[in-house]
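# Quick one, structure for this:
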Amino acid sequence: MRKQTPKELGEFLVESKLITAENLGQALEIQKQKGGLLTQILVSLGHTNEQAIAQALTAHFGYPYLPLAGYEIDGEICKLIPENVCRQYGLIAVDRVGSLLTLAMSNPLNKQAIEDVEMITHLKAQVFVTTATDVSEAIKRSYKT
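Numbers count the residues shown, from 1 in each chain. Model (predicted):
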């Protein structure tokens, strides 16, 4: 399986007319210099908003949307994935049924993140899309940082 690059997510956002090619170029340059998640950089620059990105990913790729505000996450479930991995990829584990792990991700197109989580947990990932802010807040609540 090939690795999803931030540029590919960016190109999807350009094709979806959520941002311009210039917006993408600016955000990728900032990401190259300072790091961070592409979607968060685009939002911080005011080029789009998290809900629009989540809705576009849901509509185009069919990922179900899972708002995490007020969602109670079992502490044992979220700890299946180290906090630094959750922050790096903008995701959090929210449920487990047998060998199926439910992930909420701000970028469900990141196949490398999914592969890494499956390797770490030895579980099959079921992906839901959410906003980067929802993931960040859920990580704060769940890991008590």
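
# Okay, strands next: where are they in the protein?
91-97, 100-105, 124-129 (DSSP state E).

# Distance to Ile73 and mean neighbour count added to those strands, as a markdown table?
Any C-beta I mention is one placed from the backbone N, CA and C, and that applies to glycine too. Listed next are those as a markdown table, based on distance: least, C-beta to C-beta, whole Å; neighbours: other C-beta atoms under 10 Å:
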| stretch | distance to Ile73 | mean neighbour count |
| --- | --- | --- |
| strand 91-97 | 5 | 21 |
| strand 100-105 | 9 | 22 |
| strand 124-129 | 12 | 19 |
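
# Make JSON lines out of those and add mean pLDDT and distance to Gly10.
Output for these, formatted as JSON lines (pLDDT from 0 to 100; distance: least, C-beta to C-beta, whole Å):
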{"stretch": "strand 91-97", "mean pLDDT": "95", "distance to Gly10": "18"}
{"stretch": "strand 100-105", "mean pLDDT": "96", "distance to Gly10": "16"}
{"stretch": "strand 124-129", "mean pLDDT": "95", "distance to Gly10": "16"}
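
# For the ones you listed, give me TSV that also has distance to Asn84.
Output for the strands of the chain, formatted as TSV (distance: least, C-beta to C-beta, whole Å):
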stretch	distance to Asn84
strand 91-97	12
strand 100-105	16
strand 124-129	18
